[in-house]
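Peer 1: got a sequence here, can you model it:
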Amino acid sequence: MKDFRLYTITGEEFHSGRSMLEVMEEAVKGGSDIIQLRDKFSSKKEVFEKAKKLREMTARYGAAFIVNDHIDVALAAGADGIHLGQDDLPLSEARKIVGEDMIIGISTHAIEEAREAERNGADYIGVGPVFATKSKVDVIDPVTTSYVKQVADEITIPFVAIGGIKLHNVDQVIDAGADRICAISEIVGSTDIQGTCQAFLDKLDAKRRIEK
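Peer 2: Numbering: from 1, shown residues only. Predicted coordinates:
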């Protein structure tokens, strides 16, 4: 998969009055490399309709499009990938369904899960929740930046830090070794989505300049 820095997940509860498509297009314009559709409450038909619209939009801008959980929707909508949790279909079985070309991302909350995902062929992993978050109902306790550091030190496939990440605390995550960030409410709930995305990217760029 192409390298990425900023990963944005849909969160319609955070932008009442604005359409999901409008909000996510602003995120892409602001520099989000990957858009993920995550919808735990709509019908399968509604999720598919959203996926079709997001697929068309992301394709126009050259951004990657990922669907959370729904492998059938991801395939039907022509998504670039699927993101799975620890309680979803095992990665090896998902790979049989989607083939070798589709991106598969796996949520991880401990280094053993990260190792297993890498060993089984995940294209990237999510690392989190780093901080407490209200973006998920079934959230687990924060893994803290210590887990980010563990992954940065050991895991070789791309990883994206996620969970409660805001502009005021993202430097802690970057300092722990993350160079890819996922945000939900901080981006989609912003009154200046493009500006917020750019602010995240500026912080990531500052780290890369220091490393050079």
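Peer 1: which secondary structure element of this protein has the lowest mean pLDDT?
Peer 2: Sorting the helices and strands of the chain by mean pLDDT, DSSP states H and E puts helix 193-211 at the bottom, at a mean of 89.
Peer 1: name the helices or strands packed onto it?
Peer 2: Helices and strands touching helix 193-211, by 3 or more C-beta pairs under 8 Å, 6 or more residues apart in numbering; DSSP states H and E, are strand 6-9, helix 20-29, helix 170-175, strand 181-183, helix 185-188. Quick note: C-beta positions are derived from backbone N, CA and C, even for glycine.
Peer 1: in a markdown table, list the ones you listed along with mean pLDDT, mean neighbour count and distance to F48.
Peer 2: Formatted as a markdown table, those follow (pLDDT from 0 to 100; neighbours: other C-beta atoms under 10 Å; distance: least, C-beta to C-beta, whole Å):
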| stretch | mean pLDDT | mean neighbour count | distance to F48 |
| --- | --- | --- | --- |
| strand 6-9 | 98 | 26 | 18 |
| helix 20-29 | 98 | 20 | 14 |
| helix 170-175 | 97 | 18 | 33 |
| strand 181-183 | 97 | 26 | 23 |
| helix 185-188 | 97 | 24 | 21 |
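Peer 1: so can I have CSV of these showing distance to Q86?
Peer 2: Shown next, in CSV, are the helices and strands packed on helix 193-211 (distance: least, C-beta to C-beta, whole Å):
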stretch, distance to Q86
strand 6-9, 17
helix 20-29, 26
helix 170-175, 21
strand 181-183, 17
helix 185-188, 22
